[in-house]
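J.: Based on what follows, work out the 3D shape:
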Amino acid sequence: MKFAGCPSDPKRGSLKTVRLIRKLEELPDDLRRGAVSIGNFDGVHLGHAHLVERLVARAHEHDGPALVFTFDPHPATVLRPREIPPSLSWIQRKVDLLGRLGVDMVVAFAADADLLKLSPREFFERIILCHLGSRAIVEGPNFFFGHKRQGDIKLLGQLCIENGLVLDVVNPIVVDGGIVSSSRIRKLVAQGEIERANRLLTEPYRIRGRVVHGEGRGVKLGFPTLNLDNIDTLLPGHGVYAARAWIGLRNWPAALNIGPNCTFDEDNLKVEAHLIGAGEDFYDQEVEIEVFQRLRGPKKYASVELLIEQVGRDIRAVVEIFEERAEGRRK
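T.: Numbers count the residues shown, from 1 in each chain. The predicted structure follows:
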């Protein structure tokens, strides 16, 4: 199988064009008077997909857009900066995934002190009615809004009745014996249980970073790697993973290593990816890494030769996984 810069996959090449709005004043009139769902939508998991399905249906009923109102950055940056949960997705990734589910527009609002001081009724009237002109709202049962999260789904229902809006309350999805949630996915990713996490997501988990100069040790060992820095999403637990690296619209199977280089007695965390079939220098370019499967945990080897043998096995395992995935798509 050849991996010399695989072309864009069909899904990535056929993304729906989704409008991303940062300021409510920029909201075009043709994207008002539809259905809205408000939330963080971090990771865009199966529970979100279930909710968006209802959102899109309501939007069609009202002949309006399906709109997601989210926050970038997270409101906790203003309220509780030390308690900000690690992100599962960056805003453009979130927009892309929501677009695949049928969303027409995403409002990524930068929550500030003024917004967070609004009472639940003020938030409803100013944001939902005035700015968005919404005719329908779709939320989960644990939705809270307004100052100090004083508004709950019961109050939202009352406000909708008073103002003639339709409210749908969508129950959570249960997978593998538990409710699908961003917090559950964060725990799985942090533990390195990436396959279990991916079962809860609409698309495989992805990180991104910028290629920086490393020590060149991979080249000397015969396995050149990209060293990634400035990663803004939660890192999977230490170990070696089968992954896919995206640079622009090209992609390569990759062996991804997260953690310190134990064999060389290094303690500092590194994120390194060997792109199978890539022979280019990608220094200072942004790379997205789609993580599929954990191959093994970190280990200190007694010699460099043993390490080289193991890396060779890791790369062969990645190739086999991608061949199996390709075969599965052909069937």
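
J.: Would you map the helices across this protein?
T.: With helices called from DSSP state H, the chain shows them at 10-13, 46-61, 76-79, 91-100, 113-116, 120-123, 153-163, 182-190, 194-198, 217-221, 304-330.

J.: residue ranges with poor pLDDT in the stretch 151-300 of the chain?
T.: 216-220, 263-265 (pLDDT under 70).

J.: Show me what the spatially closest residue to residue 92 that is not a sequence neighbour bridges to in the sheet.
T.: Setting aside the residues directly before and after it, residue 92 is nearest to residue 20 in space (C-beta to C-beta, 6 or more residues apart in numbering), at 7.6 Å. To be clear about C-beta, it is placed using only N, CA and C from the backbone, and glycine gets the same treatment. For residue 20, the beta-bridge partners are residue 106 (DSSP bridges).

J.: Pull the contacting residues for residue 20.
T.: Neighbour list for residue 20: 91-92, 95, 105-106, 108 [criterion: C-beta atoms under 8 Å, 6 or more residues apart in numbering].

J.: With neighbour count and pLDDT as extra columns, can I get these in a markdown table?
T.: Below are those laid out as a markdown table (neighbours: other C-beta atoms under 10 Å; pLDDT from 0 to 100):
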| residue | neighbour count | pLDDT |
| --- | --- | --- |
| 91 | 16 | 95 |
| 92 | 14 | 95 |
| 95 | 24 | 96 |
| 105 | 24 | 95 |
| 106 | 24 | 96 |
| 108 | 18 | 94 |
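
J.: Quick one: residues in contact with stretch 110-128.
T.: 22, 24, 36, 69, 71-75, 77-79, 109, 134, 137, 145-147, 150-151, 155-156, 159, 163, 165.

J.: List buried residues within the residues you listed.
T.: Listed as buried from the contacts of stretch 110-128 are 36, 69, 71-72, 74-75, 109, 134, 137, 145-146, 151, 155-156, 159, 165; burial here means 16 or more other C-beta atoms under 10 Å.

J.: Pick out the most distant pair among these.
T.: Pairwise distances across those peak at 26.4 Å for 74 and 165 (criterion: C-beta to C-beta).

J.: Tell me, how many residues neighbour the closest residue to residue 252 other than its chain neighbours?
T.: Spatial nearest neighbour of residue 252, excluding adjacent residues (C-beta to C-beta, 6+ apart): residue 275 at 4.2 Å. By other C-beta atoms under 10 Å, the residues close to residue 275 number 26.

J.: Residue 275 bridge partners, please.
T.: On the basis of DSSP bridges, residue 275 is bridged to residue 254.

J.: Contacts only, for it.
T.: Listed by C-beta under 8 Å, 6+ apart, the contact partners of residue 275 are 226, 245, 252-254.

J.: Quick check: the gap between residue 57 and residue 97.
T.: Counting by C-beta to C-beta, to the nearest Å, the gap from residue 57 to residue 97 is 19 Å.

J.: ok, the two, which is more surrounded?
T.: Using other C-beta under 10 Å, the more surrounded residue of residue 57 and residue 97 is residue 97, with 24 against 15.

J.: pLDDT value on the more buried one, please?
T.: On pLDDT, residue 97 comes in at 97.

J.: Distance-wise, check the spatially closest residue to it that is not a sequence neighbour relative to residue 298.
T.: If the residues on either side of it in the chain are set aside, residue 97 comes closest to residue 44, at 3.8 Å by C-beta to C-beta, 6+ apart. Residue 44 sits 30 Å away from residue 298 when distances are taken as C-beta to C-beta.
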